[in-house]
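*Asks:* Coordinates only, no sequence provided:
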Ligand SMILES: Cc1cc2nc3c(=O)[nH]c(=O)nc-3n(C[C@H](O)[C@H](O)[C@H](O)COP(=O)(O)OP(=O)(O)OC[C@H]3O[C@@H](n4cnc5c(N)ncnc54)[C@H](O)[C@@H]3O)c2cc1C
């Protein structure tokens, strides 16, 4: 009897798997193999971005690394398209495939902190909230992102940056080792002592090289409170305010991080009702250090213009890490486009502010994150993340509810992306790339792409791990170029 009809990876045609193979796989797993319609199937295939609605033929809900090994060997043996899900937050929805095998790691979410050694072992299904909450029990933290429901795994493998990156570097700059199941189904450790090439590639190269079953991070003392919060201004003053933001952000100490967000004001309790739904410029700021020093460092920003609200004060770091969660809940339709900027010119500011006047839905936002600091002091070739000289990362984050709005919202996003392209440095953070930017992957990695492609060839020559911002194995690239040169 045929229970599932996955797609053959080579022919693209439907392929049947006999029932006894699924039964036998179940016997080898400590987790579960779940078929369409069974308990856990929809939870595993549903991801943050509601634009993604894919139906894998089989889900393996892993409990241990041994389950990951079984799932990879099963996918190889039966030539199944494979995808890997941890937090399910990726905008491109690459965690889920149609008709193939989905490895679901969300049940593997333990976090173990070694307070004396200031390190943590984090399983791939842990969210940023899981990690922060455990580390903060010991007054420790490592840099991650700004939305606490994001998965540690996907964020780390793409690079990872957030409120403390200027002080402590990218998430990958704090990665000490990773346990990885390779395309051969073997568990290996990657660190600066073992499998150094793999360790280099994992730090920014995404899910191209294997399935990480455990991350080991370095931790830093932080908190429990950080000076942080929002300053809200009318959008009409944005041009002058953003040029001041540029100056303050570029000159500030590593502890100071400021992001500028432009959107329609949400109905936040501290905003006067007449401002709800009107265009505003929000500065979100965090000082990763002494609160009194933070007051001094933030004074130039807080004395600018005439803010509608200033709610900067000491907040528990774990709460600040979750401060944006209510605006970033799963289940909305989303499309993103992103640019890196070495500098933020007046012309770029002008184009962005103009576009914010025509936001296609109330939940859209354009944010400009300030990075640099410790992140910029590491050489570009030290890890796979290549964009060390970006000082500002813009993300056009378009978000809406109705399918009927898809075309308008996507078109608006692309228009702003194209209008700002001439100010951009060319690189882009792979974790902000949507599904339709496959041809941008090589540019995203810049000079690191060649080495990534060689390492891909060594660890995954058949491109089993292809549901990602895909790095082509070196041999594929060579044959592609040879074909292009052929008469
Ligand atoms: C609302 C929101 C806010 C964000 N904010 C930030 C931010 O502040 N800073 C930042 O750096 N990023 C941010 N991101 C981007 C985020 O880093 C990526 O979406 C990331 O891919 C999420 O990881 P995940 O585990 O949740 O994703 P998933 O969708 O589960 O996985 C994404 C991809 O990563 C790979 N992958 C996942 N787990 C593994 C694994 N264990 N082994 C091998 N490959 C794996 C797979 O290719 C998978 O397709 C944000 C995203 C969202 C949606």
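*Replies:* That came through, no problem. Keep in mind the model is a prediction, meaning the values are calculated, not measured.
*Asks:* Skip ahead from the host helix or strand of residue 420 and say which helix or strand is next.
*Replies:* Taking DSSP states H and E as the definition, one finds residue 420 inside helix 406-420. Moving toward the C-terminus from helix 406-420, the next helix or strand (DSSP H and E) is helix 441-445.
*Asks:* and that next one, what does it pack onto?
*Replies:* Using 3 or more C-beta pairs under 8 Å, 6 or more residues apart in numbering; DSSP states H and E, the elements in contact with helix 441-445 are helix 449-459. In short, each C-beta sits where N, CA and C put it, glycine included.
*Asks:* now check the helix it packs on, is it near the ligand?
*Replies:* No - in terms of C-beta under 6 Å from any ligand atom, no part of helix 449-459 sits within range of the ligand; the closest distance is 11.7 Å.
*Asks:* hmm, stretch 279-287 in reach of the ligand?
*Replies:* No - counting by C-beta under 6 Å from any ligand atom, no contacts exist between stretch 279-287 and the ligand, the nearest distance being 10.9 Å.
*Asks:* Give me the average confidence score over that stretch.
*Replies:* Mean pLDDT, stretch 279-287: 98.
*Asks:* and that stretch, which residues are buried?
*Replies:* For stretch 279-287, burial by neighbour count (16 or more other C-beta atoms under 10 Å) applies to 279-287.
*Asks:* hmm, back to that, centre of the chain to the helix holding residue 420, how far?
*Replies:* Offset of helix 406-420 from its chain centre (C-alpha atoms, centre = their mean, to the nearest Å): 21 Å.
*Asks:* With stretch 411-429 instead?
*Replies:* 19 Å.
*Asks:* The stretch 51-200 of the chain against the ligand: which residues are in contact?
*Replies:* 84-91, 94-95, 105, 124, 145-147, 150-151, 153-155, 157-158, 160-162.
*Asks:* Just the ones of those residues in helices?
*Replies:* 153-155, 157-158 (DSSP state H).
*Asks:* backbone phi and psi for the closest residue to residue 151 other than its chain neighbours, please?
*Replies:* Spatial nearest neighbour of residue 151, chain neighbours left out: residue 87 (1.8 Å); criterion: C-beta to C-beta, 6 or more residues apart in numbering. In terms of degrees, to the nearest 10, the main-chain angles of residue 87 are phi -80, psi -10.
*Asks:* ok, residue 87 to residue 293 distance?
*Replies:* Distance of residue 87 to residue 293, given as C-beta to C-beta, to the nearest Å: 33 Å.
*Asks:* before we move on, what about residue 91?
*Replies:* In this view, residue 91 and residue 293 are 36 Å apart by C-beta to C-beta.
*Asks:* Point out where the stretch 251-400 of the chain drops to low pLDDT.
*Replies:* Within the stretch 251-400 of the chain, the set of residues satisfying pLDDT under 70 is empty.
*Asks:* Not counting its neighbours along the chain, what's nearest the residue of it found nearest the ligand?
*Replies:* At 3.8 Å from the ligand, residue 328 is the closest residue in the stretch 251-400 of the chain, using C-beta to the nearest ligand atom. Leaving aside its chain neighbours, residue 328 sits nearest to residue 147 (4.7 Å; criterion: C-beta to C-beta, 6+ apart).
*Asks:* wouldn't the one you found be in contact with residue 326 here?
*Replies:* No - judged on C-beta atoms under 8 Å, residue 147 makes no contact with residue 326 at a distance of 10.3 Å.
*Asks:* The two - which one has more neighbours?
*Replies:* Ranked by neighbour count (other C-beta atoms under 10 Å), residue 147 and residue 326 place residue 147 first, with 22 against 9.
*Asks:* Could you pull up the residues touching the residue nearest to residue 151?
*Replies:* 48, 106, 125, 127, 149-155 (C-beta atoms under 8 Å, 6 or more residues apart in numbering).
*Asks:* Equivalent analysis for residue 221, please.
*Replies:* Residues in contact with residue 221 (C-beta under 8 Å, 6+ apart) are 118, 139-140.
*Asks:* What subset of those is buried?
*Replies:* By 16+ other C-beta under 10 Å, the contacts of residue 221 give 118, 140 as buried.
*Asks:* Mind checking which of the contacts of residue 221 land in helices?
*Replies:* Checked against DSSP H, these include nothing in helices.
*Asks:* Sitting in strands, which of the contacts of residue 221 do you find?
*Replies:* Among the contacts of residue 221, DSSP state E puts residue 140 in strands.
*Asks:* Any chance of the contacts of residue 221 in TSV with distance to residue 187 as columns?
*Replies:* Listed next are the contacts of residue 221 as TSV, based on distance: C-beta to C-beta, whole Å:
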residue	distance to residue 187
118	26
139	33
140	27
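*Asks:* Going by distance to residue 35, which of the contacts of residue 221 wins?
*Replies:* residue 140 (41.7 Å; C-beta to C-beta).
*Asks:* is it true that that closest one touches residue 219?
*Replies:* Yes - Residue 140 is within contact range of residue 219, at 3.8 Å (criterion: C-beta under 8 Å).
*Asks:* Need the overlap of contacts for the two.
*Replies:* Taking C-beta under 8 Å, 6+ apart as the contact rule, residue 140 and residue 219 both touch 113, 118, 120.
*Asks:* mind listing what the strand or helix carrying the last one pairs with, with the direction of each?
*Replies:* The reference is to residue 120. Take DSSP H and E as the rule and residue 120 turns out to sit in strand 119-122. Sheet pairing of strand 119-122 (DSSP bridges) gives strand 111-114 (antiparallel), strand 211-218 (antiparallel).
*Asks:* Okay, buried residues for the shortest one please.
*Replies:* Going by neighbour count (16+ other C-beta under 10 Å), the buried part of strand 111-114 is 111, 113.
*Asks:* what separates that strand from the chain centre, distance-wise?
*Replies:* 22 Å.
*Asks:* ok, stretch 373-391 near the ligand or not?
*Replies:* No - judged by C-beta under 6 Å from any ligand atom, stretch 373-391 makes no contact with the ligand; its nearest approach is 10.2 Å.
*Asks:* what distance separates that stretch from the centre of its chain?
*Replies:* Offset of stretch 373-391 from its chain centre (C-alpha atoms, centre = their mean): 17 Å.
*Asks:* One more: stretch 464-472?
*Replies:* Once both centres are worked out by C-alpha atoms, centre = their mean, stretch 464-472 turns out to sit 16 Å from its chain's centre.
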